[in-house]
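K.L.:
pasting the sequence and the predicted model now:
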Amino acid sequence: MVLKVASRAGIPPFMVMDVLRDANERAAAQQAVYHLELGQPGTGAPEGVLDAARAALSSNRLGYTEAFGIPPLREAIAGHYRDYYGVALDADRVVVTTGSSGGFVLAFLAAFEAGDRVALASPGYPCYRNILSAFGVEPVTLLAEPKDRFQPTPALLDKALRDGPIDGLIVASPSNPAGTMLDRRDLSALVDYCRANGIRLISDEIYHGITYDRRADTAVEFDDSVIIINSFSKYFSMTGWRVGWMVVPPDLSRTIECLAQNFFISAPTLSQIAAVAAFDCGEENERRVGSYRANRDLLLEALPKAGFEKFAPADGAFYVYVDIGGLTNDSEAFCRKILADTGVALAPGLDFDPDRGNRFLRISYAETNAAIEAAATLLIDRDR
């Protein structure tokens, strides 16, 4: 007798993790690997976070917390909005989550029904559409163009509305994979468009803080109905601690609380306690952003020498999204060859854009300066 397997078993892979597996196999064979495929800081958590964790391990029972998180962390996050953005935010609207991934699960389940249609820019983070699909929500692809910095626009939404109602929109600024940002006017225009058309806006702000020419704006400044997703993984360099946060609108608060109680009980207690200290580590956090800036500048100079002459503006995050259409029409095979020939691991664009990603790849410059410099040299010299 063959047992039933849910249709969710057909969820597409997150190709970056497949690249990581191949890179790790190479490393296990004692061959050099340069991890430019992962969106993961090359350094660990700030020292203040580590000190707080050590203290908690020796003095705290580390039991469950309430579903929305410990009050000191929720208050610290609300204080961050006041200090960084100049936005007065009630800590009651802050939800601590198991990474940003837990936040997306809660947001999608609370805001959308099966059969709803949610728009998102392509190229974009693949887990948006994969999680939506697993929940029976239809991802509506907005084929964003370089002229719009690979960001969604009201014009793209108008076009999508011709095929049916749009119930939600996901924006990310800075974005993954392109590293581009919406300026304040364009973000405000999207918020206004969503309000006028009854569209729930979800703003992925996980790369806030990692910007180079101007500060990113938070969507909650423009409308209380938006859902904000953020995390300690990127700017605070705490990927494996699995702690993030949401800012939720009042009408979804109780729904999200009940979902969080049942799905997660609570985010990891040790991580929550340690994360309170992250906001007091400003000098170390900014030093890390300075390192990313140096890596970005190095890559932007090196990439044309390596034959990569067309790429999106690297406004923020730690990615360069490269058009390799002049070199190949198969980004997956191209990345495999570069890994085999040089040890440099890159992410194929198909992960981020199923329609056009065969002509693109993403390069992460989150690693150490030495690793990025060595990888850039290998890319330049690969065909010599």
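P.N.:
Nice, I can see it.

K.L.:
elements contacting the lengthiest helix in the chain?
P.N.:
Secondary structure of the chain per DSSP state H: the longest helix is helix 282-302. Applying 3 or more CB pairs under 8 Å, 6 or more residues apart in numbering; DSSP states H and E, we find helix 282-302 packed against strand 319-323, helix 369-381. (C-beta placed from N, C-alpha, C; glycine too.)

K.L.:
isn't Ile273 right next to Leu50, touching?
P.N.:
No. Judged on CB atoms under 8 Å, Ile273 makes no contact with Leu50 at a distance of 11.9 Å.

K.L.:
more neighbours: these two, which one.
P.N.:
Ile273 (23 against 14; other CB atoms under 10 Å).

K.L.:
so how far is Cys335 from the residue nearest to that one when sequence neighbours are not counted?
P.N.:
Of all residues beyond its chain neighbours, the one nearest Ile273 is Ala56 (4.4 Å), with distances taken as CB to CB, 6 or more residues apart in numbering. Ala56 is 41 Å from Cys335, where distance means CB to CB, to the nearest Å.

K.L.:
who has more neighbours, those two?
P.N.:
A side-by-side neighbour count of Ala56 and Cys335, using other CB under 10 Å, places Cys335 first with 25 against 18.

K.L.:
now the strand or helix carrying the more buried one against helix 369-381, angle please.
P.N.:
Assigned by DSSP states H and E, Cys335 falls within helix 331-342. Counting by axes from the mean of the first three to the mean of the last three CA atoms, to 10 degrees, helix 331-342 points 100 degrees away from the direction of helix 369-381.

K.L.:
list the helices and strands helix 331-342 packs on?
P.N.:
Using 3+ CB pairs under 8 Å, 6+ apart: helix 331-342 touches helix 15-28, strand 344-345, strand 347-348, strand 360-364, helix 369-381.

K.L.:
figure out which of these is closest to Asn285.
P.N.:
Among those, helix 369-381 comes nearest to Asn285, with 16.8 Å by CB to CB.

K.L.:
for Ser203, list each beta-bridge partner.
P.N.:
Val171, Ile228 (DSSP bridges).

K.L.:
residues contacting it?
P.N.:
170-173, 218-220, 226-229 (CB atoms under 8 Å, 6 or more residues apart in numbering).

K.L.:
okay if I get these as JSON lines plus distance to Ala314?
P.N.:
Formatted as JSON lines, the contacts of Ser203 follow (distance: CB to CB, whole Å):
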{"residue": "Ile170", "distance to Ala314": "21"}
{"residue": "Val171", "distance to Ala314": "18"}
{"residue": "Ala172", "distance to Ala314": "15"}
{"residue": "Ser173", "distance to Ala314": "13"}
{"residue": "Thr218", "distance to Ala314": "21"}
{"residue": "Ala219", "distance to Ala314": "22"}
{"residue": "Val220", "distance to Ala314": "25"}
{"residue": "Val226", "distance to Ala314": "26"}
{"residue": "Ile227", "distance to Ala314": "27"}
{"residue": "Ile228", "distance to Ala314": "23"}
{"residue": "Ile229", "distance to Ala314": "22"}
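
K.L.:
and the nearest residue to Thr97 once chain neighbours are set aside, what element?
P.N.:
Leaving aside its chain neighbours, Thr97 sits nearest to Gly103 (4.2 Å; criterion: CB to CB, 6+ apart). Element membership of Gly103 [criterion: DSSP H and E] is helix 99-111.
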